[in-house]
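> Any chance you could fold what I've pasted below:
(2 chains)
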Amino acid sequence: DGGITQSPKYLFRKEGQNVTLSCEQNLNHDAMYWYRQDPGQGLRLIYYSQIVNDFQKGDIAEGYSVSREKKESFPLTVTSAQKNPTAFYLCASSREFMNTEAFFGQGTRLTVV
Amino acid sequence: DAKTTQPNSMESNEEEPVHLPCNHSTISGTDYIHWYRQLPSQGPEYVIHGLTSNVNNRMASLAIAEDRKSSTLILHRATLRDAAVYYCILRQNYGGSQGNLIFGKGTKLSVKP
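Reported below is the predicted structural model:
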């Protein structure tokens, strides 16, 4: 079945360590996105990629990095520079970067201790 | 910033219709109106989208005001599985950062048996 997969579902890291969250899609979508969600809040955009080998900063990119070397993959690295990394991270993809339906993964809950 | 305004919460009884309002007074001619919903600890799920005309699909109906400054998502018969946070989002039909999905805080819908 086609879909978007995030792994792992839960992740624990020590403060000061970088951590990479995986996002893979087999929908042949051009566009991919990373969002962060804090308790009781809406989603905030971290990075987005309109097409392979391209990505742009979203509203809260500081302390994060991404790559888009393959169409199906858009990993997110949470670096030690991110001051409050504990959050629910959501990856999404859409056929095009504009007015098309976005499909979301089930999310990764990152806890930094 | 999100360009839509929604009530923080709404309640409904099971088996009854639900009308979820959204105001978007600054909508431009190229903005599509998208609705997503999010169940607890899951990624958002696409519900419906439209431009000017009312839209129907298997999940819901979207009623768009003639001046497009507001819209209403209609769930025809609420079930307990419809309890979620519903997000109304404007999405432009061309590239640039405006093509992104920018989420607000949404409306938390509770459904009573």
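> B:K108: how many residues sit nearby?
Burial of B:K108 is recorded as 17 neighbouring residues (other C-beta atoms under 10 Å in any protein chain shown). C-beta coordinates here come from the backbone N, C-alpha and C atoms, glycine included.
> beta partners of it?
Following DSSP bridges, B:K108 is listed with bridge partners B:S9, B:V85.
> measure it to A:D38 for me?
15 Å (C-beta to C-beta, to the nearest Å).
> What of B:E16?
Distance, B:E16 to A:D38, by C-beta to C-beta: 32 Å.
> do A:E15 as well
According to C-beta to C-beta, A:E15 stands 18 Å off from A:D38.
> neighbour count winner among these two?
A:D38 (12 against 9).
> mind checking how far the closest residue to that one other than its chain neighbours is from chain B?
Leaving aside its chain neighbours, A:D38 sits nearest to A:A87 (5.4 Å; criterion: C-beta to C-beta, 6 or more residues apart in numbering or on different chains). A:A87 sits at a distance of 13 Å from chain B (criterion: C-beta to the nearest C-beta, to the nearest Å).
> go on, A:T86?
Relative to chain B, and taking C-beta to the nearest C-beta, A:T86 is found at 15 Å.
> likewise A:S80?
Applying C-beta to the nearest C-beta to A:S80 and chain B gives a distance of 26 Å.
> Regarding that residue, what is its secondary structure?
Using DSSP: H, G, I helix; E, B strand; the rest coil, the structure places A:S80 in coil.
> residues contacting it?
Shown in contact with A:S80 (C-beta atoms under 8 Å, 6 or more residues apart in numbering or on different chains): A:15-18.
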